[in-house]
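Chemist: Can you look at this prediction? I've put the sequence above it.
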2 protein chains.
Amino acid sequence: MFTIIGERINATRSSIMDAVEKRDSETIRQEAIRQTEAGADYLDVNSGSRPGQIGQDMAWLIEVVQEAVATPLCLDSPDPAVLEEAYQQVKAKPLINSISLESNRFQPLLSFLKGKDCSIIALCLDDQGLPKTAPEIIDRAGALIEGLEGIGFDRARIHLDPLIQPVAVDVNAGLNAVWAIQGILKKYPGVHITCGLSNISFGLPLRRSINRILLPILMTAGLDGAILDPLDGKIMSILTISKMILGQDRFCRQYTQAARAGVISL
Amino acid sequence: MFTIIGERINATRSSIMDAVEKRDSETIRQEAIRQTEAGADYLDVNSGSRPGQIGQDMAWLIEVVQEAVATPLCLDSPDPAVLEEAYQQVKAKPLINSISLESNRFQPLLSFLKGKDCSIIALCLDDQGLPKTAPEIIDRAGALIEGLEGIGFDRARIHLDPLIQPVAVDVNAGLNAVWAIQGILKKYPGVHITCGLSNISFGLPLRRSINRILLPILMTAGLDGAILDPLDGKIMSILTISKMILGQDRFCRQYTQAARAGVISL
């Protein structure tokens, strides 16, 4: 089972910020419906960073999305207080995006998560910043798992994000991610691995082509979730095919249905 | 370094058989030139199976290709005698396609290969037929490497082919290939792994889409060569991107050149 987190309702995108400012619920409604129809398991909701407005904007977004669809939300904010408030509002068990080892996030999130019925995205990041090697990523993953398991949060609800770096900055960025995912799953079986696909291509032309091929590569290592655009037919085709090749599509049923429906494009 | 074996000059394709029958050298010349320009490291040459004609057809193909380009050949025949004759004709150090553990091929090929200056494709196949699990593939790989090293053929000239099975026949076909490649490289570091990409999709619709995504998956496991169509812009784009993500494109130079030249299509 691969967890698709629909990334589109994010106010760092100008069309969404625009809709948030104008309280244009129809745009948000359509984004929620279309991503759900395309197969999103969660809908990411990020209300951006309008000073003094983040909480209200988040509340409005959640209300509009939950009126449109029953798809669980992925509550996305760097601010523990915003996440806590948003959590009160959700109807279906959400995914919280995110905890990290940064001191302004780790303990506040642990306190909040204790006893809560949700899953969590855990970023392999601490006050020293981004890890540079696979062993550094695996160390941070271990500290996050330990902290979360320490408050009774079981491993099956943790989605680790190794935080993939741009390959234009570090030629080993992709390999580090592959090795880190393999290492984490060997050491902590049962945990989930998720990530965004777009950072790998930062600074390079034709970024979407690169992002798309990152998916089968990381799935081979053990990635079982991603924050992506489910309306991108090519990424969804690659996901369907990768699942089949990697033994996750019994009788090739999902693939042949998709092919018959004419939605395989590659 | 990834070894691209251009698959197009194969008389099991009707257009090539046609050219062979008519001794239409211009068609073969063009196939040789275009595959070379597209980046083929070797050109596969398979003369088909016309009764009593295979050797002559092979000799003619080799002559035409070698007049057109200097690219080394991948001499492709199940018949050791045809391979031996063809070997006498080549100008550049060839790749021999192929040895296997089948009794009609193993000893004859070993006798022929002793002291020869060439590389070899070794199929993980014996008289019992196709291996079904990763350990079975790894066992056969070991027997092939042992046999070849026993005649002084060093590992760096061996390209093992795990013989990927159709995922429509066995849901674990892709996973078995991934595990087999990882297992072979762990046990026999320094050996090369190559394969054809099309068998995985046998029996399914939109086969090329599946074949294309098999490439990054197997490259993540350690595949460093493939028999493919270098004129397929999408497979070549995926190869270029996969190499970059997997740390084989310093400063992203090959990728950015390809992107600038307008040949990345995905």
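Modeler: Happy to help now that I have it.

Chemist: Which pLDDT value goes with the residue in the stretch 51-200 of chain A that chain B sits nearest to?
Modeler: Distances between the stretch 51-200 of chain A and chain B by CB to the nearest CB are smallest at residue A:174, namely 3.7 Å. Just so you know, the C-beta spots here come from the backbone N, C-alpha and C atoms, and that holds for glycine as well. pLDDT recorded at residue A:174 is 98.

Chemist: where does it fall, helix, sheet strand or coil?
Modeler: The local conformation at residue A:174, judged by DSSP: H, G, I helix; E, B strand; the rest coil, is helix.

Chemist: residues in contact with it?
Modeler: Contact criterion CB atoms under 8 Å, 6 or more residues apart in numbering or on different chains gives A:164, A:167, A:200, A:214, A:217, B:244-247 as the residues in contact with residue A:174.

Chemist: And for it, nearest residue in space, chain neighbours not counted?
Modeler: Spatial nearest neighbour of residue A:174, excluding adjacent residues (CB to CB, 6 or more residues apart in numbering or on different chains): residue B:245 at 3.7 Å.

Chemist: doesn't residue A:201 make contact with the one you found?
Modeler: No. Taking CB atoms under 8 Å as the definition, residue B:245 is not a contact partner of residue A:201, at 9.2 Å.

Chemist: Between those two, which contacts overlap?
Modeler: Shared contacts of residue B:245 and residue A:201, defined by CB under 8 Å, 6+ apart, comprise A:167, A:210, A:214.

Chemist: Shouldn't the first one be within a helix?
Modeler: By that I understand residue A:167. No. Judged by three-state DSSP, residue A:167 forms no part of a helix; its state is coil.

Chemist: so it touches residue B:245, yeah?
Modeler: Yes. Contact criterion CB under 8 Å: residue A:167 and residue B:245 qualify, at 6.1 Å.

Chemist: what do the two both touch?
Modeler: Joint contacts of residue A:167 and residue B:245 (CB under 8 Å, 6+ apart) are A:174, A:200, A:210.

Chemist: For burial, what's the neighbour tally of the residue nearest to residue A:174?
Modeler: By the other CB atoms under 10 Å in any protein chain shown criterion, the neighbourhood of residue B:245 contains 29 residues.

Chemist: and what of the one 4 residues further on?
Modeler: Residue B:249 sits with 20 neighbouring residues when counted by other CB under 10 Å.

Chemist: For it, which non-adjacent residue is closest in space?
Modeler: Residue B:249's closest residue in space is residue B:243 (CB to CB, 6+ apart), at 5.0 Å.

Chemist: Kindly report the same for residue A:197.
Modeler: Of all residues beyond its chain neighbours, the one nearest residue A:197 is residue A:211 (4.3 Å), with distances taken as CB to CB, 6+ apart.

Chemist: residue contacts, that neighbour?
Modeler: Taking CB under 8 Å, 6+ apart as the definition of contact, the neighbours of residue A:211 are A:197-198, A:200-201, A:235.

Chemist: Spell out which parts of the stretch 101-250 of chain A neighbour chain B.
Modeler: With CB under 8 Å from any CB of the partner chain as the criterion, the stretch 101-250 of chain A comes near chain B at residues A:167-168, A:171-172, A:174-175, A:178, A:200, A:204-206, A:209-210, A:212-214, A:216-217, A:219-221, A:234, A:237-238, A:241-242, A:244-247, A:249-250.

Chemist: what about burial for those, which qualify?
Modeler: When those are checked for burial by 16 or more other CB atoms under 10 Å in any protein chain shown, the buried set is A:167-168, A:171-172, A:174-175, A:178, A:200, A:204, A:206, A:209-210, A:212-214, A:216-217, A:219-221, A:234, A:237-238, A:241-242, A:244-247, A:249.
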